[in-house]
Structures are given as structure tokens and as C-alpha cells.
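Chemist: Quick one: sequence and predicted model below, then my questions.
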Amino acid sequence: MATGTGKTITSLSCADYLFKVEGAIHLYILVPTLDLANQWMEETKKFLIKNVILANSENKNWYTEALSAINTKDSSYCIIATYATFLTKRFGDIISKATPQSFLIADEAHNFGTEKHIAVYPENIQRRLGLSATPDRYYDEQGSLEIYRYFGAEKEFTFKFTMEEAIERNYLCEYYYYPVIVQLSEEELEEYKSISIKLSKYFNGSTGSFKDNPIVTALLLKRKRIIHQASGKFDALRKILGELKNKGLPVKYLLVYVPEGNDDKIDEDDKKLINTYSRIIAKEFNLSQHQFIGLTTNRQRILSEFSTGHIAVLTAMKCLDEGVDIKRAEIAVFCSSTGNPRQFIQRRGRVLRTHPDKKYATIYDMVVVPSITNQYFESTLQMEKSILQSELKRVHEFAGLSLNHYQALSVLEHVAKEFNLDIYAKTDYIA
């Protein structure tokens with residue numbers, strides 16, 4: 001089901017039906033983050049199950065509470081755990097006691113396909129429901145297959161509701177999409193060129209892929225950092241904010257996704273980068289903004305103030321991808337180019353949620369492209385073409401459902417032609 005179309009309510013309705021039919025239910029809900037655990041708890045309490053236990057690092061007594069619930073005869077209960085808690089021995093002890101009345105719901109189920117999770121899948125629970133807008137794991141076919149097997153979806157999904165259907169039936173709002181081309185500076189281009197030449201030695205032109213080599217991984221990460229941190233993105237943001245201001249309407253309900261590093265932690269470079277974006281927003285354009293990162297406290301208060309317009313802009317890094325409930329967001333700026341379909345589909349879903357006072361959403365997407373006319377790329381043309389093709393897939397995916405489909409694609413048409421690529425070719429991403 002597409003992001004924002006009611007996966008939580010749908011699955012809890014299934015649990016509620018079982019509760020009414022059988023008179024009792026033992027519900028296990030797995031989620032990736034503490035924020036989602038709290039959201040699920042609030043939603044679960046709206047149904048008939050009243051004994052809801054949070055099994056995570058914030059509840060030190062969860063094991064005792066869970067044991068008590070399990071050992072109480074004829075009781076119904078719901079245990080909500082993060083995927084991290086699920087891997088602990090204590091949670092393994094709890095779930096090993098699952099009964100025929102047990103029901104497991106895995107939210108953002110693509111997270112359930114790591115080797116560690118697969119090794120301890122609770123096969124003793126027969127009733128299972130996996131929820132995801134993006135069930136395929138990025139570059140992990142085996143993990144995806146294991147998820148499908150566990151949830152009985154090898155042949156077909158139990159239920160599928162695409163973003164296109166959701167927009168057509170007004171579960172999500174319509175949107176305009178504007179790709180923004182960003183060029184590298186001369187210094188960045190020099191470094192990019194140097195890395196590209198080194199990478200070309202490991203590139204297989206016939207398959208369009210790199211050889212499996214740790215050197216390749218290191219070089220790709222280094223070059224990815226150049227793209228993510230391209231200084232031209234600062235001016236691109238200034239241009240976008242300037243255009244929004246010139247419309248004469250208050251600029252608010254705006255999400256800015258800042259480029260990020262290669263792991264989940266926020267390092268010093270990340271802090272410098274998000275601070276620069278924040279200064280542009282707050283100082284140069286006099287907009288109230290708040291950073292939203294993994295360690296941000298008072299998250300619900302911040303999200304509430306953003307949804308009411310008291311905070312105009314949320315500047316996000318390594319956050320606001322999965323499941324976070326934002327009541328009202330109307331504009332999104334993606335400064336972080338990503339070829340990962342899970343990430344950009346989830347982010348798009350954040351801004352397409354409907355609101356009574358919202359007519360449509362607007363998405364700006366920064367796309368960093370190399371220049372074929374530059375002599376630097378003569379020896380690496382085929383490799384650059386393959387990489388640009390991945391970028392254009394994302395652009396095509398975003399543009400495909402937008403209100404300004406052809407206008408959006410035309411922005412990159414000349415770039416695609418230079419590389420002999422078809423910007424109008426159909427993408428295979430699923431939203």
C-alpha cells in the first residue's frame with residue numbers, strides 16, 4: 001500500500017475483526033523506530049485491545065509486563081516492539097510462547113529482511129501481515145524473497161494499492177514536480193573526474209555494472225559524497241525559496257531533505273551541512289525553521305507546530321522517511337539525490353498526505369548531472385551514462401504521476417539527449 005493510505009488502520013481492523021470473532025487476540029507489532037512504536041500505541045488504543053505494551057529501550061519494565069500478560073488466562077494483549085528489540089533474547093523468549101490466537105504485524109516490513117531477522121523469524125506464529133509501501137529491499141534480492149516467503153506473498157501480494165490509485169481516489173493529493181539541475185563547481189568537477197577515471201578501470205561496459213571490489217565501494221562512496229555535498233545545491237535552494245517568496249504567499253509547511261552521509265549516525269560533516277542549509281532558510285529568507293535529525297527531542301511537539309504553520313520549515317537529515325505522521329506538509333525540497341526507490345517513494349508519500357485546507361503538493365528535486373561536452377568524460381562516457389540513467393529513473397518516477405508530467409521531463413530532455421538516453425522511457429519502480 002502506498003505511503004499515507006492507511007496501512008496502520010487497515011491492519012488494526014484485521015486484528016479487531018479477529019478479536020470480535022474469537023473473543024481474544026495476542027497481537028505482536030514490529031516497527032523500525034520508537035516514533036512509530038508510539039504512533040502504533042495511540043492507534044491501537046482506539047480499538048478493543050486495551051492492554052498495550054511497548055517493548056523498547058524507553059520502557060525498562062516491558063519484559064515483566066509482557067510475561068504478566070502472557071500468563072494471564074483468557075487475556076488479550078498487544079506487544080509493540082522495535083526491530084532492534086525483536087532481536088534480543090528476552091523478546092525471543094516472549095514470542096516463543098505465541099499461541100494459536102497470535103497475530104504478527106510487521107510495519108515497514110522491508111526492514112524485516114536482514115540476515116539477523118531472517119535467522120529468528122517466528123515460524124510458530126501462523127497469522128502474519130507485512131506492511132510496506134516499498135517491500136523490495138535495495139540491492140538485497142535474497143532478503144526480499146525471504147520476506148515474501150514468510151508473509152506468503154511469493155506469487156502475489158495479499159493486497160496492493162498503488163500511489164496512482166491512491167491519488168485517483170483522493171486518498172493522496174495531486175502534486176507538481178520540478179526537477180532542478182545542479183552543476184558541479186570546477187573544484188568538485190576536478191575531484192569527480194579523478195575518481196571517475198579510477199572507477200572506469202573497474203567498470204564492465206557490457207553489463208553496465210562495476211566489478212565486485214572493495215576499492216570500487218570506497219571510490220563510489222567518495223564520489224557520492226561529492227554529489228551529495230555539491231555547493232551548487234545551496235544556490236539551488238536559494239532560487240527555490242526566492243521563487244516561493246515571490247509568489248506573495250506565506251512560505252510554510254515546507255520539508256527540506258538535506259544530503260546525508262553513508263551511515264545512520266550524524267557526524268561533524270553532517271552537522272556542518274545541515275547547519276548551512278538551516279542558515280540559508282532562517283537568516284537569508286527569515287523563515288522559522290527547525291532541524292529534524294535522529295537525536296531530535298520533543299519530536300511530537302515540533303511536528304505539531306510544523307503542521308499548524310508555527311514552524312515554517314523542517315530541515316531533515318536521516319529522518320522523516322518511514323512512517324512518521326506529519327499532519328500537513330505542502331512543499332518538499334529534495335536536496336539529497338538518491339537512487340534508492342524506497343527512500344524517495346517514502347519521502348514523496350510524506351508530502352502527499354491530504355489535508356482539508358490543502359489543494360495540492362509541490363516537490364522540488366535537485367538533480368546533479370555531469371556535462372558530456374566536458375573533455376573530462378570522454379574516457380568514462382559509458383559509466384557516466386549508466387549512472388545518469390539511474391538519476392533519470394527517479395525523475396521519471398516522480399514526474400510520471402505529477403500534474404505537470406511533460407513539463408517536468410522536458411527540463412532534463414537536453415541532458416538525456418546528450419547521453420543518448422530516453423527521458424520518456426518507462427521506469428520499473430513501483431510506488
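Modeler: Received the coordinates, thanks. Residues are numbered from 1 along each chain as shown.
Chemist: quick one, strands of the stretch 101-250 of the chain?
Modeler: Ranges of strands within the stretch 101-250 of the chain are 102-106, 127-130, 175-182, 203-204, 209-210, based on DSSP state E, counting those that start in this stretch.
Chemist: need the helices for the stretch 251-400 of the chain, in chain order.
Modeler: Per DSSP state H, counting those that start in this stretch, the stretch 251-400 of the chain carries helices over the ranges 268-279, 299-307, 341-351, 381-400.
Chemist: Put together JSON lines for those, with mean pLDDT on each row.
Modeler: Converted to JSON lines, these look like this (pLDDT from 0 to 100):
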{"stretch": "helix 268-279", "mean pLDDT": "90"}
{"stretch": "helix 299-307", "mean pLDDT": "91"}
{"stretch": "helix 341-351", "mean pLDDT": "81"}
{"stretch": "helix 381-400", "mean pLDDT": "79"}
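Chemist: what sits against the residue of the chain most remote from its centre?
Modeler: What lies farthest from the middle of the chain is residue 73; by Cα atoms, centre = their mean that is 40.8 Å. Going by Cβ atoms under 8 Å, 6 or more residues apart in numbering, residue 73 touches no other residue. No exception for glycine: its C-beta is placed from N, CA and C like everyone else's.
Chemist: Look up which helix or strand it falls in, please.
Modeler: Taking DSSP states H and E as the definition, one finds residue 73 inside no helix or strand.
Chemist: can you give me phi and psi for it?
Modeler: For residue 73, the backbone dihedrals (degrees, to the nearest 10) come out as phi -60, psi 140.
Chemist: Show the pLDDT at it.
Modeler: Listed pLDDT for residue 73 reads 82.
Chemist: re earlier: for the strands of the stretch 101-250 of the chain, which one ends up most surrounded?
Modeler: strand 102-106 (a mean of 22; mean count of other Cβ atoms under 10 Å).
Chemist: Neighbouring strands of that strand in the sheet, and parallel or not?
Modeler: If you go by DSSP bridges, strand 102-106 pairs up with strand 26-31 (parallel), strand 127-130 (parallel).
Chemist: looking at those, which is closest to residue 272?
Modeler: Of all these, strand 26-31 sits nearest to residue 272, with 31.5 Å by Cβ to Cβ.
Chemist: buried stuff in the helix or strand following the closest one?
Modeler: Next along the chain after strand 26-31, taking DSSP H and E as the criterion, comes helix 34-44. The neighbour-count check on helix 34-44 (16 or more other Cβ atoms under 10 Å) flags 35, 36, 37, 38, 39, 40, 41, 43, 44 as buried.
Chemist: Where does the prediction get shaky in the stretch 101-250 of the chain?
Modeler: Low-confidence segments of the stretch 101-250 of the chain, defined by pLDDT under 70: 208.
Chemist: those helices in it, which residues are they?
Modeler: Here the stretch 101-250 of the chain has its helices, by DSSP H, counting those that start in this stretch, at 115-119, 141-150, 163-168, 186-200, 214-228, 232-246.
Chemist: Using a markdown table, please lay out these together with mean neighbour count and distance to residue 100.
Modeler: Formatted as a markdown table, those follow (neighbours: other Cβ atoms under 10 Å; distance: least, Cβ to Cβ, whole Å):
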| stretch | mean neighbour count | distance to residue 100 |
| --- | --- | --- |
| helix 115-119 | 13 | 23 |
| helix 141-150 | 17 | 18 |
| helix 163-168 | 18 | 35 |
| helix 186-200 | 16 | 55 |
| helix 214-228 | 15 | 47 |
| helix 232-246 | 16 | 55 |
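Chemist: can I see the domain layout of the protein?
Modeler: Listed domain ranges for the chain are 7-161, 165-418 (source: automatic domain parsing).
Chemist: and those domains as a markdown table, adding distance to residue 1?
Modeler: Output for the domains of the chain, formatted as a markdown table (distance: least, Cβ to Cβ, whole Å):
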| stretch | distance to residue 1 |
| --- | --- |
| domain 7-161 | 4 |
| domain 165-418 | 8 |
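Chemist: Which positions in stretch 78-91 come out as buried?
Modeler: In stretch 78-91, counting by 16+ other Cβ under 10 Å, buried: 78, 79, 80, 81, 82, 83, 85, 86, 91.
Chemist: Could you pick out which of those residues are located in strands?
Modeler: Mapping the buried residues of stretch 78-91 onto strands (DSSP state E) picks out 78, 79, 80, 81, 82.
Chemist: now, among those, which is nearest to residue 222?
Modeler: Residue 222 lies nearest to residue 82 out of those, by Cβ to Cβ, at 32.5 Å.
Chemist: Could you check what's spatially nearest to the closest one, not counting adjacent residues?
Modeler: Excluding the flanking residues, the one nearest residue 82 by Cβ to Cβ, 6 or more residues apart in numbering is residue 56, at 4.9 Å.
Chemist: which ones are touching the one you found?
Modeler: 34, 37, 62, 80, 81, 82, 84, 85.
Chemist: So among those residues, where is pLDDT lowest?
Modeler: residue 34 (87).
Chemist: That residue and residue 81 touch, don't they?
Modeler: No - with contact defined as Cβ atoms under 8 Å, residue 34 does not count as touching residue 81 (10.8 Å).
Chemist: now residue 281, nearest residue through space, not along the chain?
Modeler: Excluding its sequence neighbours, the residue lying closest to residue 281 (Cβ to Cβ, 6+ apart) is residue 289, at 4.6 Å.
Chemist: What distance do you get for that neighbour to residue 352?
Modeler: Distance from residue 289 to residue 352, counting by Cβ to Cβ, to the nearest Å: 22 Å.
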